[in-house]
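**Q** prediction below, plus the sequence it came from.
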Amino acid sequence: MEQARSRRAEGSTEARAAAPRTQSARVPHQLPSGDEVRERAAAADGTRGEHTHSEPPIPHPRVREDVAAGCPVQDGRPVVQRASVRGQVLDALRAALVRGELTPGEVYSAPALAERFGVSATPVREAMQQLALEGAVEVVPNRGFRVVVRGARELAELAEIRALIEIPVMLRLARTVPAERWAELRPLAEATVRAASSGCRATYAESDRAFHRAVLALAGNEQLLRIADDLHRRAQWPLVEAPSSRGRAGLLADAAEHTALLDALAAQDVTVVQSLVREHFTGSS
């Protein structure tokens, strides 16, 4: 009898082990897709108190004209070519400022600019804050950013400061740098001519600053390079009423002065160097 009870207990245990589990499995929480995350972020960016109504339209460059001019665009939007979205947007905004596409005195919201560039408002807002530090725009609480209005007096003041800083440096370089070093910079001067021929002010602005940075780099002063480049960039922002000389012919004339400056530097003609640099800054594009 004891053996019978033992066999019945073992059978019951085996039956319970063989019986299917009826407890329901827990379903893990499903994470949102990448598209949903981006949509939520974009929606959140658009609700930070920046109003887009009654905002001036932002012109989209016409594809054929901009491609022919060397300004990369796609489907009417500037082409983003850098790894950092913020850096990309910053470059695009700087180019829009140089081309006069952002009207001085007008207020632009980050969401509206973000729509133009096809990104969320966060990198646009960060880029505009950098431009505010540079003096290109000013923050308007709860609205966005106003493009700074510049006049001829400010441009003249910038030219005076640049001359005070750079002319003594270039005169010293003219006396000390051998001619073969100046010959190495000739490709950069020729690049400014090609950029000027394209007619794209943004493309020319980049090549123009690259040439001046290369010249001043021979002085071996990093602080000088930073200050001079900042002043140069600010001098390239257009005035409220851009003069007619700011067209392709004006860019070509400006670029030609680079070649003449290299010739004078190589010849150690300090009188011509001083005259050319001062004239170059006065008529700086």
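**A** Happy to help now that I have it. Residues are numbered from 1 along each chain as shown.
**Q** from here on, just use CA atoms for contacts and neighbour counts.
**A** Noted.
**Q** in the chain, mark out all the strands, start to finish.
**A** For the chain, strands defined by DSSP state E occupy the ranges 73-74, 77-78, 107-108, 137-140, 144-147.
**Q** who wins for proximity to residue 89 among the ones you listed?
**A** For the strands of the chain, the distance to residue 89 is smallest for strand 77-78, at 9.1 Å, taking C-alpha to C-alpha.
**Q** circling back: mean neighbour count, distance to residue 210 and mean pLDDT added to the strands of the chain, as CSV?
**A** Shown next, in CSV, are the strands of the chain (neighbours: other C-alpha atoms under 10 Å; distance: least, C-alpha to C-alpha, whole Å; pLDDT from 0 to 100):
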stretch, mean neighbour count, distance to residue 210, mean pLDDT
strand 73-74, 16, 22, 50
strand 77-78, 21, 21, 51
strand 107-108, 24, 29, 94
strand 137-140, 18, 24, 94
strand 144-147, 22, 25, 94
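**Q** ok, which of those strands comes nearest residue 165?
**A** Closest among these, using C-alpha to C-alpha: strand 137-140, at 25.1 Å.
**Q** what lies in contact with stretch 162-181?
**A** Identification of contacts with stretch 162-181 by C-alpha atoms under 8 Å, 6 or more residues apart in numbering yields 216, 218-219, 228, 231-232, 265-270, 273-274, 277-278, 281.
**Q** buried ones in it, by neighbour count?
**A** Neighbour counts over stretch 162-181 (16 or more other C-alpha atoms under 10 Å) mark 162-163, 166-167, 169-171, 173-174, 177, 179 as buried.
**Q** same check, this time on stretch 223-235
**A** 224-225, 228-229, 231-235.
**Q** enumerate every residue touching residue 99.
**A** Contacts of residue 99 (C-alpha under 8 Å, 6+ apart): 200-202, 238.
**Q** re earlier: could you pick out the buried ones from the contacts of stretch 162-181?
**A** Buried members of those, scored by 16+ other C-alpha under 10 Å, are 216, 219, 228, 231-232, 265-268, 270, 273-274, 277-278, 281.
**Q** what's the lowest-pLDDT member of the residues you listed?
**A** Here the lowest pLDDT out of the buried ones among the contacts of stretch 162-181 sits on residue 281, with 87.
**Q** helices of the stretch 151-285 of the chain, start to end?
**A** Here the stretch 151-285 of the chain has its helices, by DSSP state H, counting those that start in this stretch, at 152-176, 179-184, 186-198, 201-217, 222-235, 248-266, 270-282.
**Q** select, out of those, the one closest to residue 142.
**A** Shortest distance between residue 142 and the helices of the stretch 151-285 of the chain, using C-alpha to C-alpha, is found for helix 222-235: 26.2 Å.
**Q** ok so, going back, which one of the helices of the stretch 151-285 of the chain lies nearest to residue 88?
**A** Closest among the helices of the stretch 151-285 of the chain, using C-alpha to C-alpha: helix 201-217, at 14.1 Å.
**Q** if you count contacts, what does the closest one end up packed against?
**A** helix 85-99, helix 152-176, helix 186-198, helix 222-235, helix 248-266 (3 or more C-alpha pairs under 8 Å, 6 or more residues apart in numbering; DSSP states H and E).
**Q** with adjacent residues omitted, what lies nearest to residue 267?
**A** Excluding its sequence neighbours, the residue lying closest to residue 267 (C-alpha to C-alpha, 6 or more residues apart in numbering) is residue 179, at 7.2 Å.
**Q** give me the below-cutoff pLDDT ranges for the stretch 1-150 of the chain.
**A** In the predicted model, the stretch 1-150 of the chain carries pLDDT under 70 at residues 1-83.
**Q** how about a cut-off of 50?
**A** Scanning the stretch 1-150 of the chain for pLDDT under 50 picks out the ranges 1, 3-4, 15, 17-49, 53, 59-70, 74, 79-83.
**Q** got the contact list for the spatially closest residue to residue 237 that is not a sequence neighbour?
**A** Distance criterion C-alpha to C-alpha, 6+ apart; nearest residue to residue 237, sequence neighbours excluded, is residue 98 at 5.1 Å. By C-alpha under 8 Å, 6+ apart, residue 98 lies in contact with 201-202, 205, 236-238.
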